[in-house]
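Engineer: Compute the structure for the input listed below.
(chains A and B)
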Amino acid sequence: MTASSVYIHVPFCESKCPYCAFKSALKGEGDEELYIRTVAGEIALRSAETGRIETLYIGGGTPSSLSVDSWRALVDVIESSFSFSDSAEVTVEANPNSLTEGHVSLWREWRVNRVSIGVQSFSPGELSFLGRLHTAGQAADAAAICMEAGFAVSFDLMFGLPGTTIRDWAESLRRAVTLRPSHISVYQLTIEPGTPFYEKKFNLPDGYGQYRYAQWKLPKKGYCQYEVSGFALPGCECGHNMNYWADGEYVGIGPAAWSYVNGARRENAASLAGYARAIEEGGDALVFEERLTGERAARQAATLALRTKKGIDWDAFKSRYGEVFAEAIIRDLRRFPDTLVISDERRTALSSAGMRVGNTIWSDII
Amino acid sequence: MDNERVNPNRIRNFSIIAHVDHGKSTLADRLIERTHTVESRNMKAQILDMLDLERERGITIKLVPVRMSYTARDGETYILNLIDTPGHVDFGYEVSRSLAACEGAVLVVDAAQGVEAQTVANAYLAVEQDLDLIPVFNKIDLPSAQPERIAKEVSDVIGIDASDAVLASAKDGTGVDEILDRIVSGIRPPSGDPGAPLRALVFDSVYDNYRGVISYVRVVDGELWAKKSISFMATGEVFEVEEVGVFTPAMRPADRLGPGEVGYVSAGIKSLADAGVGDTITDSGRPAPAPLPGYRRVKPVVFSGFFPIEREEINSLREALEKLQINDSAITFEPESSMALGFGFRCGFLGLLHMEIAKERLYREFGVELVATAPSVIYRVKLTDGSVTEAHRPSDFPADATRLEEVLEPYIKITIFLPDGYVGPCIQLCQERRGTYVNMDYITTERVRLVYDLPLSEFIMDFHDRLKSVTRGYASLDYDHVGYRAADLVKVDILIQEEPVDAFSFICHRDAAYHRGHAVASKLKELIPRQLFEVPIQAAIGKKVIVRVNVKALRKDVLAKCYGGDITRKRKLLEKQKEGKKRMKQVGRVLIPQEAFMAFMEVSGDDGK
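Structural biologist: Next up, the predicted model:
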């Protein structure tokens, strides 16, 4: 079996944001070349794992921090190894401050059709608190350039920042909606161990109200909530992410990238140096592998599916994981009131209210 | 081995009796040291308190006898058998059996604190057994020691002449020689007929994994030796003696035990129930016409449901209780099931301390973690059809309250010794706990003896702790069971989301129902985490709801964006959360944490605050 989704991790950023726990680093001398060379090596090594590509997602890190020349080399590597379906969704993540006309025109000439912009907020105070290098104006400009180029644009927005109120959040959402991206991801600031924010012991607001506001506001503007963090205009859902929630397989390339192939979830070495050494020695860069089976695999899949508005399709679920586990999960789900968990004969999904308390529900059925 | 018969005139059997903390164990250590019974390098502080638990709590539960050899002023060498006694009222019966094995007792009184409740109770137990008493005023080294005042107090309060009391300090060794000499001169030697049919009093039994039950005995008449066929007079069970011996305090085999001797018998007995404390061992071929007096089977008076925290642990709990019962025959248990807690056992104990010790031992010795329900007593329920049943738990009360004719509950007579400055709060406490005043007198100008009749159920609800707090630790107490009395008691149910949770039901006086129901409901409100919906908590008598509080619905959650790379990490987080929930019990749709069940034990006594 081959995967039709590919994720490529670009491990560089212009600066480290104090909340971010994703793997990235500031570029050193020669790092871009090393990165492109070893990614090419890994792609060559793993070409058998992919079939025709339906979704490609280049994330990070900050992919727009790669120079245009490096991008050109990366595109060559990808094109020489992968074959794409005609309708393939190709997403690139970009930060407003590092996105250039050069990137945009290269992407347009290639096959990028979707750009996810790390906007985070339209409030100057919040942006500086988050350590972002861009301004609200730059974010609007970047969005305009991308739309001009014909890309579907997605915004990442963050709520639940210390000291913020629902009014601050409403203002960022209002600005976002005015720019008409086709997709908006909202997520709550979480403080992860190992980040500078972790040491600060912030008093975070209860994010419930802000999230609920987004659930109220965005649909009125045409953005339908198709996943706990995802709102999209009709037909503009992120196919790459939907594959994750459908328990679909994917190949992850690059340092710190995760793959899910042949039933195994695998993690690559996190540091560029470690990753590059492993690849240059001719091996893979795996540092972790996990293969869930039986009930645990079924429960994992159910949890993922319950992130989406579509929810669990029981016929498909039963044929993949068996009747017994499906029934066990159905029994567990029955404990929740129908204001939170909506079921008919064919599917079970969380209601909007259920998504607000998703963690509690998932942690019951995992 | 001792091949010679021991001359009873050279034997002295004695106990040390004292109120808790008056220095009994330290004095015992000094006696053992002084008689070189144990090499000083092997001395551990308070060597007789063998269980770790006892050493930690500084109280004695199990009795470990010791045989000492002492050359007195008359130049003769005597065998002094010290039979230690437990120092807590829960074990009153065991104290009385230990004393029955002695001819005398050293009555230790703290020279600064004076007479306390258990000083009196133990002294009277000794007088009842007709023991020779040697008063000792301990801690004489303390600057606050007042031997003259204490002597007067002993004489006034207990009615014993203590003018010749030995002034001692177990701490620095003062008076130890004099105590040993007084044991020889002031306690009569045992009498007994070596030729008469065997009668040996079992004053304690322990269980040894290899040898089975080892009975601690005091031979009164006749002789005991290996291979002898013996029977226990209360049960009629016959065994062949495997070994007899004495305590040094380690067990040392001996050829025989004759009249007046204290030692042990092992006979391949598999259960402590077959060798009950207080029973008389006799010769199965030539039984004594009558057993020694005083045997009774101890009956538990305080009950609690023990439930394993992990439901699958039920069999481990059963095995652990079975083993514990072999060791401690006063514990009873029977299977019980609870909607909230699953399967468990209703266990009976001699008192609260006994219960706590059992719980602790289950955890330490058998690794079983459990939830214990609030301790309770046995009620007698008279129904309108004239029948009477014993109600062990709230669910034994009739669901239809109109069928209740009358409820009777066990009472105790409680004697409290305290400084007169605390009489007010102490009386208030007793009144709050539905006590009936019996008597109050001044035993000195500053110290008061207060006697109340009190429902046992009120006593086991942290009465002792409350007493300590209202008297700043200056009160001591003792109690006796005085039978059943009628009371206006009601069963209060706690409903969580309309469902009664049996583990939280309780019986209380009608007047306290609202107050206590409110305390329980409020505590649960604190302890039950917010769920995905509003959870009403109600207290009700029958159908009548008397208290209602709500746990508001959960409105707090973290929604992290989740990438393909986060799936495994996210799953682990969710699994960790699920693990946390597993430690909660599900009632209907509501998850109730273990702490709520634990806290219920505390809350039921909180109403005095």
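Engineer: Tell me the first helix or strand C-terminal of the helix or strand bottoming out on mean pLDDT in chain B.
Structural biologist: When each helix and strand of chain B is scored by mean pLDDT, DSSP states H and E, helix B:52-57 comes last, with a mean of 47. Later in the chain than helix B:52-57, the nearest helix or strand by DSSP states H and E is strand B:66-71.
Engineer: Any buried residues in whichever helix or strand comes after that next one, and which?
Structural biologist: Next helix or strand after strand B:66-71 toward the C-terminus (DSSP H and E): strand B:77-83. By 16 or more other C-beta atoms under 10 Å in any protein chain shown, the buried positions in strand B:77-83 come out as B:Y78, B:I79, B:L80, B:N81, B:L82, B:I83. Any C-beta I mention is one placed from the backbone N, CA and C, and that applies to glycine too.
Engineer: cool, stretch B:251-258 as well?
Structural biologist: Residues of stretch B:251-258 classed as buried: B:M251, B:A254, B:R256, B:L257, B:G258 (neighbour count, 16+ other C-beta under 10 Å).
Engineer: for stretch B:14-21, same thing?
Structural biologist: So, applying 16+ other C-beta under 10 Å, buried residues of stretch B:14-21: B:F14, B:S15, B:I16, B:I17, B:A18, B:H19, B:V20.
Engineer: Out of those, which comes closest to A:V77?
Structural biologist: Nearest to A:V77 among the buried residues of stretch B:14-21 is B:V20, at 82.4 Å by C-beta to C-beta.
Engineer: from what I can see the closest one touches B:Q118, true?
Structural biologist: Yes - between B:V20 and B:Q118 there is a contact under C-beta atoms under 8 Å: 6.5 Å.
Engineer: Checking residue 108 next. Helix, strand or coil?
Structural biologist: You didn't pick a chain, so chain A it is. helix (DSSP: H, G, I helix; E, B strand; the rest coil).
Engineer: wait, I meant chain B there
Structural biologist: strand.
Engineer: give me the beta-bridge partners of it?
Structural biologist: On the basis of DSSP bridges, B:V108 is bridged to B:A18, B:V136.
Engineer: Give me the pLDDT for it.
Structural biologist: pLDDT recorded at B:V108 is 93.
Engineer: same deal with A:S24?
Structural biologist: The model reports A:S24 with a pLDDT of 77.
Engineer: What separation do you get for it and A:Y35?
Structural biologist: For A:S24, the distance to A:Y35 equals 12 Å [C-beta to C-beta, to the nearest Å].
Engineer: Give me the common contacts of those two.
Structural biologist: Contact criterion C-beta atoms under 8 Å, 6 or more residues apart in numbering or on different chains; residues bridging A:S24 and A:Y35 by contacting each: A:P11, A:F12.
Engineer: pLDDT below threshold where in chain B?
Structural biologist: Residue ranges of chain B with pLDDT under 70: B:1-4, B:38-63, B:87-89, B:327, B:339-340, B:555-564, B:583, B:594, B:598-609.
Engineer: the longest strand in it is where?
Structural biologist: In chain B, taking DSSP state E as the definition, the longest strand is strand B:404-419.
Engineer: Partner strands of it and their direction?
Structural biologist: Strand B:404-419 pairs in its sheet with strand B:379-383 (antiparallel), strand B:447-455 (antiparallel), strand B:476-487 (antiparallel), by DSSP bridges.
Engineer: what's the most buried one of the ones you listed?
Structural biologist: Most buried of those, by mean neighbour count (mean count of other C-beta atoms under 10 Å in any protein chain shown): strand B:447-455, with a mean of 20.
Engineer: Can I get that strand in PDB, CA atoms only?
Structural biologist: This file holds the C-alpha atoms of strand B:447-455, laid out as PDB (Å, rounded to 0.1, in the frame of the first residue of the first chain):
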ATOM      1  CA  ARG B 447      -9.200  18.300  87.200                       C
ATOM      2  CA  VAL B 448     -12.600  17.100  86.300                       C
ATOM      3  CA  ARG B 449     -14.100  13.700  85.500                       C
ATOM      4  CA  LEU B 450     -17.000  14.000  83.200                       C
ATOM      5  CA  VAL B 451     -19.300  11.100  82.400                       C
ATOM      6  CA  TYR B 452     -21.700  11.000  79.500                       C
ATOM      7  CA  ASP B 453     -23.900   8.500  77.700                       C
ATOM      8  CA  LEU B 454     -23.200   8.800  74.000                       C
ATOM      9  CA  PRO B 455     -24.400   7.100  70.900                       C
END
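Engineer: Which other helices and strands does the very next helix or strand once past it contact?
Structural biologist: Next helix or strand after strand B:447-455 toward the C-terminus (DSSP H and E): helix B:456-459. The contact analysis (3 or more C-beta pairs under 8 Å, 6 or more residues apart in numbering or on different chains; DSSP states H and E) places helix B:456-459 against strand B:404-419.
Engineer: Just the C-alpha atoms of the strand it packs on, please, in PDB.
Structural biologist: Output in PDB follows, covering the C-alpha atoms of strand B:404-419 (Å, rounded to 0.1, in the frame of the first residue of the first chain):
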ATOM      1  CA  LEU B 404     -40.400   2.100  60.600                       C
ATOM      2  CA  GLU B 405     -41.700   1.800  64.100                       C
ATOM      3  CA  GLU B 406     -38.500   2.600  66.000                       C
ATOM      4  CA  VAL B 407     -34.800   2.600  65.600                       C
ATOM      5  CA  LEU B 408     -32.400   1.700  68.400                       C
ATOM      6  CA  GLU B 409     -28.700   2.400  68.400                       C
ATOM      7  CA  PRO B 410     -25.800   1.300  70.500                       C
ATOM      8  CA  TYR B 411     -24.600   3.600  73.300                       C
ATOM      9  CA  ILE B 412     -21.400   3.900  75.300                       C
ATOM     10  CA  LYS B 413     -20.700   5.400  78.600                       C
ATOM     11  CA  ILE B 414     -17.800   7.700  78.100                       C
ATOM     12  CA  THR B 415     -15.500   8.900  80.900                       C
ATOM     13  CA  ILE B 416     -13.500  12.000  80.200                       C
ATOM     14  CA  PHE B 417     -10.700  13.400  82.300                       C
ATOM     15  CA  LEU B 418      -9.800  17.000  81.700                       C
ATOM     16  CA  PRO B 419      -8.600  20.200  83.200                       C
END
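Engineer: Show me what counts as buried in that strand.
Structural biologist: B:404, B:407-418.
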